[in-house]
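S.K.: What follows is a predicted structure for the sequence shown.
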Amino acid sequence: MTSASVHSRFFRAIRKHYVLYLLCIPGILFFILFRYLPMWGILVSFQNYNLWLGFWESDWVGFAHFTRFFTGPNFNTLMVNTLWLSFLNIAFAFPAPIILALLLNEVRRQWFKRSIQTLIYIPHFISWVIIGSMTFMLLSSGGPVNAILGNFGIGPIPFLTSVSTFRPMMVVQGIWRGAGFGTIIFLAALSGVDMEQYEAAIVDGAGRWKQCWHITLPALRSVVILLLILQMGSVLDTNFDQIILLSNAGNRTVSDVIEVFVFREGIVGGNFSFTTAIGLFQSVIGLILVIIADRAAKLVGESGIF
Amino acid sequence: MVRNDTIGSRIFDGFNIIFLILFAVVTTVPFIYIIAGSFASQAEITARGFFLIPREPRLEAYMFIMESRLLPRSMFVSIAVTVIGTLVSMFMTVTFAYPLSKKYLAGRNVMLSLVVFTMLFNGGMIPTFLTIRMLGLLNSFWAMILPGAISIWNLIVLKNFFQGIPEELEDSARIDGASDLRVFLRIVLPLSTAALATFSLFYAVGYWNSFRPALLYLPSNSAMWPLQLVLRNIVMLAAGNIADVAWDPDMIQPPPDSIRNAVIVFATVPILLVYPFIQKHFTKGVMIGAIKG
């Protein structure tokens, strides 16, 4: 086919379905203005961007900001803090909904199961601000948790501002908010299991533990692997909305992660070029990790994400 | 279901039910404590520490909130952002998802790839901030809506939903001489009301809960801060941790616990009110999303 006929075919298609193309315009504008224009803005990481001079007049400095970041004092802290939170999430927050789903699956009374589900799904829809605020109210030095601990002669413990309590607080908040709702995907996988398998297992004399081990867990295998790989692909992603509420001067040595640092130094501090370079580093590593994760998912026989 | 009831099995059932009840209690008790605290006096909060029913319920905290300038205003902003934002988001998502659902549309695959690519890579916080500044949206109401107007997840799921509508329905209308626009407005949209209602609810919950756009893009327009950001600032002010935000001149002193509790209640109640409606739909929504298209 000649390129001329491809062209004329293309224009005929546009004429025929011009309404559909018109409908696309708001969406296309959104993606150009708010998703692709910022990608062009990444170039300021190679500049000494000055708000008053603007993009065209600012000096170009090459990779200076990247060198400064990699050799500077913040790099180690930010990476260690980020990786710690990811590790704790994979170790504790990731298995929580699986265990919860297995326990819910063992409940025989449907009304009881549904009531529990209704209650434990709620926090997923509550904003991080509310969760952070409730955490502040509950854990402050004069709050109810310290009041209860005080009855046992413990404390008061400065949960909110100490280095040792920050990471556990993050993990507990994550589980409190996400574990209940997270069961949905596993319960959906379990609802696909054929009941005859359980009946056959009972006939063969398998107890409930054996049924769980040989029927229920294998049914979850592929969704667990897929989610785990996806989680690995986002180890540098931290939850800005959650951390920005819990991080403060008291726990800064452990709560500073890339996004919080970029917010503080960039938006509040005005070091646009330096923080853009840091953000770009995070985005690029994130992209590479997601691609590796996708390949890994395909390697173990899952359908991957692309 | 037939199951063999051994003693071990019964003991497990007992512990399982107790554990699940405990988990549900841990999920709900913080809400009840906050609600109880919002009706209690400061003296009672200080004296009792932990309680779920106030001894002498009072409305002082709510009266204070309604009489203050800051909080009713921020609630009004939150309602405006939620209503207008949901309308804008739905308009932009629906009008883009429908053409993207048409496999015969030339250029569709390019557009889809460009959309999906933004899930994998983005400019990042600072370039997005600079873009919004360049567009003149900084400190404006629209900065809380436009930069996140389309959720790519919702867009893709809605596109898949439109693809699931039988092509024959649209074809028969076209044979009767209906235009693309007429098919979209008179056939596709009426068939999708349940899906559209679901997506609207999800967008509305997202807008009501969001504070990041206001935190990033409205640094010097505190008159337009939504309830969530004001709540964050009130609670953090009380914790002496407000270094990174300018505070509203209305309130120099951190408000007492009961008032902070009452603000949390105000921020939570709308979500709890729509929750039964969302709950009906979200299992379905997750299922649709799990099927790739």
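M.R.: Noted; the coordinates are in hand. Not measured: the values here are computed from a predicted model. Numbering: from 1, shown residues only, chains lettered A, B, ... in the order given.
S.K.: The residue in the stretch 51-200 of chain A that chain B sits nearest to - how many residues pack around it?
M.R.: Residue of the stretch 51-200 of chain A nearest chain B, by CB to the nearest CB: A:Ala147 (2.6 Å). Backbone N, C-alpha and C define where each C-beta goes, glycine included. Using other CB atoms under 10 Å in any protein chain shown, A:Ala147 has 19 neighbouring residues.
S.K.: Sticking with it, tell me its helix or strand.
M.R.: For A:Ala147, the element it lies in under DSSP states H and E is helix A:144-151.
S.K.: quick one: the strands in the stretch 101-250 of chain B?
M.R.: For the stretch 101-250 of chain B, no strands are identified by DSSP state E, counting those that start in this stretch.
S.K.: can you give me the helices in it?
M.R.: Applying DSSP state H, counting those that start in this stretch to the stretch 101-250 of chain B gives helices spanning B:108-120, B:125-134, B:152-163, B:167-175, B:180-183, B:189-191, B:193-209, B:212-217, B:227-238.
S.K.: Average pLDDT for the first one, rounded please.
M.R.: Along helix B:108-120, the predicted confidence averages to a pLDDT of 91.
S.K.: helices and strands of chain A: which one has the lowest mean pLDDT?
M.R.: helix A:3-16 (a mean of 72; mean pLDDT, DSSP states H and E).
S.K.: for chain B, same thing?
M.R.: helix B:257-290 (a mean of 77).
S.K.: Helix B:227-238 and that one, what's the angle between them?
M.R.: 130 degrees (axes from the mean of the first three to the mean of the last three CA atoms, to 10 degrees).
S.K.: Which parts of helix B:257-290 count as buried, going by neighbours?
M.R.: With burial defined by 16 or more other CB atoms under 10 Å in any protein chain shown, the residues of helix B:257-290 counted as buried are B:257-268, B:270-271, B:275, B:278, B:281-282, B:285, B:288.
S.K.: Could you list which of those residues also contact chain A?
M.R.: With the criterion set as CB under 8 Å from any CB of the partner chain, the members of the buried residues of helix B:257-290 near chain A are B:Asp257, B:Arg260, B:Asn261, B:Val263, B:Ile264, B:Ala267, B:Thr268, B:Ile271, B:Tyr275, B:Ile278, B:Phe282.
S.K.: Poorly predicted segments of the stretch 101-250 of chain A, please.
M.R.: By pLDDT under 70, the stretch 101-250 of chain A contains no weakly predicted segment.
S.K.: one more time with 90
M.R.: A:106, A:108-110, A:136-163, A:184-185, A:187-240, A:244-250 (pLDDT under 90).
S.K.: in the following helix or strand past the helix holding A:Ala147, what's buried?
M.R.: Remark: after helix A:144-151, the chain's next helix or strand is helix A:163-191, criterion DSSP H and E. Neighbour-count burial for helix A:163-191 flags A:165-167, A:169-171, A:173-187, A:189-190 (criterion: 16+ other CB under 10 Å).
S.K.: can you check stretch B:196-210 too?
M.R.: So, applying 16+ other CB under 10 Å, buried residues of stretch B:196-210: B:196, B:198-199, B:201-210.
S.K.: So stretch A:205-224, near chain B or not?
M.R.: Yes - using CB under 8 Å from any CB, we find that stretch A:205-224 touches chain B at A:Gly207, A:Arg208.
S.K.: Go ahead and name everything in contact with that stretch.
M.R.: Stretch A:205-224 has contacts (CB atoms under 8 Å, 6 or more residues apart in numbering or on different chains) with A:98, A:101-102, A:105-106, A:185-186, A:189-190, A:192-193, A:197-198, A:201-202, A:302, B:3-4, B:6, B:8-9, B:12.
S.K.: Now, of the residues you listed, which are buried?
M.R.: Neighbour-count burial (16+ other CB under 10 Å) applied to the contacts of stretch A:205-224 gives A:98, A:101-102, A:105-106, A:185-186, A:189-190, A:198, A:201-202, A:302, B:12.
S.K.: re earlier: for burial, what's the neighbour tally of the residue lying closest to the residue of the stretch 51-200 of chain A closest to chain B once chain neighbours are set aside?
M.R.: Leaving aside its sequence neighbours, A:Ala147 sits nearest to B:Gly49 (CB to CB, 6 or more residues apart in numbering or on different chains; 2.6 Å). Burial of B:Gly49 is recorded as 17 neighbouring residues (other CB under 10 Å).
S.K.: Looks like B:Gly49 contacts A:Leu149 (just checking).
M.R.: No - if you go by CB atoms under 8 Å, B:Gly49 and A:Leu149 don't touch, sitting 9.9 Å apart.
S.K.: Right, I'll leave it there.
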